[in-house]
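Return atomic coordinates for the entry below.
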Amino acid sequence: WVCSGPADMALRLIRRIAALPLLLVGADVTGELPLIELCDSRGCELGRQVSDTLPPVRLCVPAARQPLSWAWPLTLVRLHLALDIGLSDADRQWQGVAGAPTVGWSGPKRGFCKWFGNIAPMSLCRDCSSDQPCSISAKPIYGTFNYAAYLPPTGDQCLHVVRLPQGVKTARATWEVYWDHFVALRSVVGLVLLWGCGELQRNTVVHAAVGGAGSLALLTLVAFLWISRELRNTLGSTVPFGGCLAGISMLLFSFIPSLRQVVISWLVLFLSSSWWQTFLSFRDPIFQLPVGYIAVVSLSLATLGVVVAGANISMRYFASAPDPEGDIAFVIGSDGSRLDLLPPVPLPQWLFGWALWVLGAVCLLASTNVDGCSLALLVVALMAGRVIHAAMHFGSLTATESPANLRPLISAAELRAQSEHSTRIALDALRVHLKANPDSFCNVSEESELKLRRFADGGNHSPPPYQDIVARNSSQCVLQ
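Modelled structure (predicted):
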C-alpha cells in the first residue's frame, strides 16, 4: 500500500532503524541469500546464490549478444539487472533497494591501453584478468528500479557479481546491446571545440559562462568546507567526545558501504517534494512572514550576484587587446591583399584557446566506444581543413577554361615570325633616330660609341639567343 500519513511514515522509519544492525554486518533481514538468474530469449537458468562468503558469480558475454562489427563504435554491451525485493513500486520508495550492486569486470586490454600499456600509468590501464577483476559501477536505469553494468562492445569479457543490495531476493540478469546516445554528443562537442577554439577564445559570452560557472563552483566548495569545519568544531565543543565521534563516523561511512547506502537512501527520501513544500510554506510564528520563500529568494539572489561577479571578472581577464587608433601599419600579402599589423593575442586568451583545443581533442579521443575509430575521427578533424583546401584547389584547376575558348591562338612559328618583323621595324627606326640626332653618340661610353656608330651605318645587330616560351609538346601559344 501507499503511505498516506505521518503514522505510516514513522512506522516504516522504525522498521528500517530496527533492521540497521543486520545491514551493518552484511546480513539480509530475512536470513536468505539472494539469487541471481541469467535469462535470455529461451528462459532463465537456475539461480545462483550471491554472498560475500561465496565466490563471485561469473557472467560472461555470449557471442550471440555481441553487436555487429559495423556497430561497435556506437554500441555497448550491458548487463541488465532486474532486482526483485517482493514489494510494489510504491513501497520501494520507502523500503526499496539501498545502493547499487557490487560488480567487477575482467577482460583483455584494448585500444590505447593495448597500444601504450607499457608507458601508460597503472591507474589508467589496469590489468583486469579473470583472477583479479577490476571494480566497475552499476548505474541505475532511468525510470526504473533496475541497474545495469556497461561493457565495451568487443573482446572476451565477463562480469563478476560480488554483492547484491540489501533486501533483494532475486536478480534477473540479461545481456543486451545498448546504443550509446552520448557518442554523437561527445563527437559534436569535440568538433566544435577543436574547430571553433579560435572563435570561442574571443567570444565574450563564453568568457562570461566560464567565469559564472567557476565562481559558483568555488562558492559551493567554500561553503562545504566552512560547514564541515563549523560542524566539527560544534561537535568537539558541545558534545562529549565529539571529535572522536566525528572521526568514528567518517571511518564507518568510508569502510561500511551498507551504512553509507542506507543513510543516502534516507536522505533522498527526506528531500522529497513534500519536504520542499513544507519548507516553502514555513512562516514566522509572530509576524507570519513567509520565511521559507524569503530564504529561497535570498539564496537565489546571492547566487545570482556571485555568478554575475564571476562573469565580469572573467570577461575582463580574457578580454581582447583594444583596437589600435590612428595610422595602422600593414603589409601586402602574397595574394595582393592588405594585412594590418594588429596587437598580439593576450596570453590568458591564448592559453584559454589552447585549453579549448586540448579539451576538444580529448572529447574526440573518447567519442566512440572503439579507440581506433576515435583516433581516426581526431585525425580526420585535424586534416579536414587541408583536405578541403586541396579538393577546392584541384576542382579549380580541373574547371579552368581552355585558352582557345577565350581568345584566338597562333602557332609558335607564326609568333616567331611576327616577333622578328616587329624587331626589324624597331631597329630601323632606331637607326633613323641616331642619324637625325648625332649628339646621341656622346651619351655612351667610348667602347659603346664605336659599336653604336657601326650599328647606325647599317651594321648587324647582335640579338640575345631566342628562347622558346612554348613547351615542345605544345602546338599553341598565347597572342601577346
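
What's the mean pLDDT across stretch 415-423?
In this model, stretch 415-423 carries a mean pLDDT of 89.

cool, and stretch 162-169?
Stretch 162-169 comes out at a mean pLDDT of 82.

Next: stretch 289-298.
On average, stretch 289-298 scores 85.

Need the contact partners of it.
The contact list for stretch 289-298, computed with CB atoms under 8 Å, 6 or more residues apart in numbering, reads Phe279, Leu280, Ser281, Phe282, Arg283, Asp284. Heads up, the C-betas are built off the backbone N, CA and C, glycines and all.

mind listing what's buried in it?
Val291, Gly292 (16 or more other CB atoms under 10 Å).

Tell me where the stretch 351-480 of the chain has helices.
Ranges of helices in the stretch 351-480 of the chain, per DSSP state H, counting those that start in this stretch, are 371-398, 412-436, 446-456.

Can you tell me how far Leu200 is from Gly212?
16 Å (CB to CB, to the nearest Å).

Tell me, how many residues neighbour Ser281?
By other CB atoms under 10 Å, 11 other residues sit near Ser281.

wouldn't Ala311 be in contact with Ala208 here?
Yes: taking CB atoms under 8 Å as the definition, Ala311 is a contact partner of Ala208 at 3.8 Å.

picking that back up, can I get the contacts of stretch 289-298 in JSON lines including distance to Pro140 and pLDDT?
Formatted as JSON lines, the contacts of stretch 289-298 follow (distance: CB to CB, whole Å; pLDDT from 0 to 100):
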{"residue": "Phe279", "distance to Pro140": "26", "pLDDT": "70"}
{"residue": "Leu280", "distance to Pro140": "28", "pLDDT": "74"}
{"residue": "Ser281", "distance to Pro140": "31", "pLDDT": "78"}
{"residue": "Phe282", "distance to Pro140": "32", "pLDDT": "76"}
{"residue": "Arg283", "distance to Pro140": "37", "pLDDT": "80"}
{"residue": "Asp284", "distance to Pro140": "40", "pLDDT": "75"}
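
when you check those residues against the helices, which ones overlap?
Of the contacts of stretch 289-298, the ones assigned to helices by DSSP state H are Phe279, Leu280.

Do you have the strands of the stretch 151-300 of the chain handy? List them.
Taking DSSP state E, counting those that start in this stretch, the strands of the stretch 151-300 of the chain run over residues 158-163, 170-179.

Okay, angle between the longest one and strand 158-163 too, please.
By that I understand strand 170-179. Angle, strand 170-179 to strand 158-163, by axes from the mean of the first three to the mean of the last three CA atoms, to 10 degrees: 140 degrees.

What strands line up against strand 170-179, and which way round?
In the sheet, strand 170-179 lines up against strand 35-40 (parallel), strand 75-84 (antiparallel) (DSSP bridges).

Only C-alpha atoms, please: export the longest one in CSV.
Going back to what we said before, that points to strand 75-84. The C-alpha trace of strand 75-84 is given here as CSV (Å, rounded to 0.1, in the frame of the first residue of the first chain):
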residue,chain,number,x,y,z
THR,A,75,27.1,0.5,-29.1
LEU,A,76,27.9,-1.0,-25.7
VAL,A,77,27.1,-4.4,-24.1
ARG,A,78,25.2,-4.1,-20.9
LEU,A,79,24.1,-6.5,-18.2
HIS,A,80,20.5,-5.5,-17.2
LEU,A,81,19.9,-6.5,-13.6
ALA,A,82,16.2,-6.5,-12.7
LEU,A,83,16.1,-6.5,-8.9
ASP,A,84,13.1,-8.1,-7.1
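
Please report how far the nearest residue to Ile332 once chain neighbours are set aside lies from Pro324.
Take Ile332 and drop its neighbours on the chain: the residue closest to it by CB to CB, 6 or more residues apart in numbering is Arg338, 6.5 Å away. Applying CB to CB, the value for Arg338 to Pro324 is 15 Å.

For Leu76, list each beta-bridge partner.
So, taking DSSP bridges as the rule, Leu76 has Tyr178 as bridge partners.

counting contacts, what elements does the helix ranked longest in the chain pack onto?
Selection of the longest helix in the chain by residue count, based on DSSP H, yields helix 204-238. Packing partners of helix 204-238 (3 or more CB pairs under 8 Å, 6 or more residues apart in numbering; DSSP states H and E): helix 242-255, helix 291-317.

Looks like Val162 contacts Cys134 (just checking).
No: in this structure Val162 lies outside contact range of Cys134 using CB under 8 Å: 11.9 Å.

ranking the strands paired with strand 170-179 by burial, who's on top?
When the strands paired with strand 170-179 are scored by mean count of other CB atoms under 10 Å, the highest mean neighbour count falls to strand 75-84 (a mean of 21).

List the contacts of it.
Contacts of strand 75-84 (CB under 8 Å, 6+ apart): 36, 59, 61, 65-67, 97, 101, 103, 138, 141, 145-153, 157, 159, 164-165, 168-180, 369.

Next: stretch 61-74.
Outside stretch 61-74, the residues that touch it by CB under 8 Å, 6+ apart are 40, 75, 77, 151, 153-154, 156-158, 175-177, 179-180, 183, 368-370, 373-374.

again, only using 7 Å
Residues outside stretch 61-74 that contact it (CB atoms under 7 Å, 6 or more residues apart in numbering): 75, 77, 151, 153-154, 157, 175, 177, 179-180, 183, 368-370, 373.

So Arg338 and Pro324 - more neighbours on which side?
Per other CB under 10 Å, whichever of Arg338 and Pro324 has more neighbours is Pro324, with 12 against 9.

OK, contacts around that one?
Pro324 is in contact with Leu342, Pro343, counting by CB under 7 Å, 6+ apart.

my guess is it is in a strand, correct?
No: remark: Pro324 does not belong to a strand; assigned using DSSP: H, G, I helix; E, B strand; the rest coil, it is coil.

what about it, distance to Ile332?
Taking CB to CB, one finds Pro324 at 19 Å from Ile332.

now swap in Asn443 and tell me
With CB to CB as the criterion, Asn443 and Ile332 are 37 Å apart.

Quick check: phi and psi at Pro140.
phi -70, psi 150 (degrees, to the nearest 10).

Since that was my last question, I'll sign off now.
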